[in-house]
Every structure is written in C-alpha cells, then in structure tokens.
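Participant: Next come a sequence and a model predicted from it.
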Amino acid sequence: MEELVFEREAAAEYDRAFAHVTRYFMPFVLRAARVARGMRVLDIAAGTGLSAEAALFAVGPTGHVTAADVSPAMAEKARERLGEARNASVLVEDAQTLSFSDETFDAVVCNLGLMFFPEPARGLSEFVGCFVQAGGRQCR
C-alpha cells in the first residue's frame, strides 16, 4: 500500500518538479531521433505525457504517438494530458519487456527515464527491436 501511495504522489508532483526540464530537452530529443511528420513514435517511460505531447506536435495529424510507462498512475496522468488526441495512445508497459512487435515504430524516445530502469541495457535492447531502421531492416 505504501508503494501505491508514493506512486500516486509522484505522478501528482511530476509536472511541478520536471516539466521545465522536459520542455527544455524535448526539442533536442526529437531532433536527435529524427522525428518528423507522419511518423509512429514510442515514448518510453512517458511519465505524465509531457514528452508524448511534444512528439504529437512533431508527428502532426498523420503520425501516431504511443506513450508507455510502467506506472499506472503516471499513465493515467498521460491520458489526461493527451486528452482526446485520436493519434495518441497510452499504455502501461514495462520498458524492459515490451509487448510490441518488431518494427512497430519509426522512432523510440525516452526522456529522463532510463536512469530508473533496474537493467538499462536490457531496456535499450528492447527499444532497438521496436523501430524500423533506414532501409526497412529489422533491428534485432
């Protein structure tokens, strides 16, 4: 029960504590990931959806953003933030054991999340399998 209370408190306070950092870094993250209009983007460790919201603007109405976080409380906040966007979805996912098929996304972004993974290298290997590399090659 104590963990659940902490999770809800963390979700409620995340924006106050980290929104300014996320908003500063996201243009750089999106540029580094070469996110462009029409792309399918996975935002891992999405938190309250700040990064997914920025990615939505980058992909435009023809793209799609999937926000995924291991915390149901964070995912709920992301759903609230992304509202009625028809080209966005929010899922509860463990980034170290993603349920997506290979080559589901054109880009994968993770802003301020990797340091929380128990096994960061395992998470990174999951990311790689989820996106299509140039030329359509499978990443794994």
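Facilitator: In hand now; what should we look at?
Participant: Okay, now the unreliable bits of the chain?
Facilitator: 1-8, 123, 127-140 (pLDDT under 70).
Participant: repeat that for 50
Facilitator: 1-5, 134-140 (pLDDT under 50).
Participant: where does the spatially most central residue of it land in three-state SS?
Facilitator: Centroid-nearest residue in the chain, with CA atoms, centre = their mean: Asp43, separated by 1.7 Å. Following DSSP: H, G, I helix; E, B strand; the rest coil, Asp43 is assigned to strand.
Participant: Quick check: it touching Val109?
Facilitator: Yes. Using CB atoms under 8 Å, Asp43 is in contact with Val109, at 5.4 Å. Just so you know, the C-beta spots here come from the backbone N, C-alpha and C atoms, and that holds for glycine as well.
Participant: Identify the contacts common to those two.
Facilitator: Contact criterion CB atoms under 8 Å, 6 or more residues apart in numbering; residues shared by Asp43 and Val109: Ser51, Ala55.
Participant: Need the distance between the two termini of stretch 91-111.
Facilitator: 17 Å (CA to CA, to the nearest Å).
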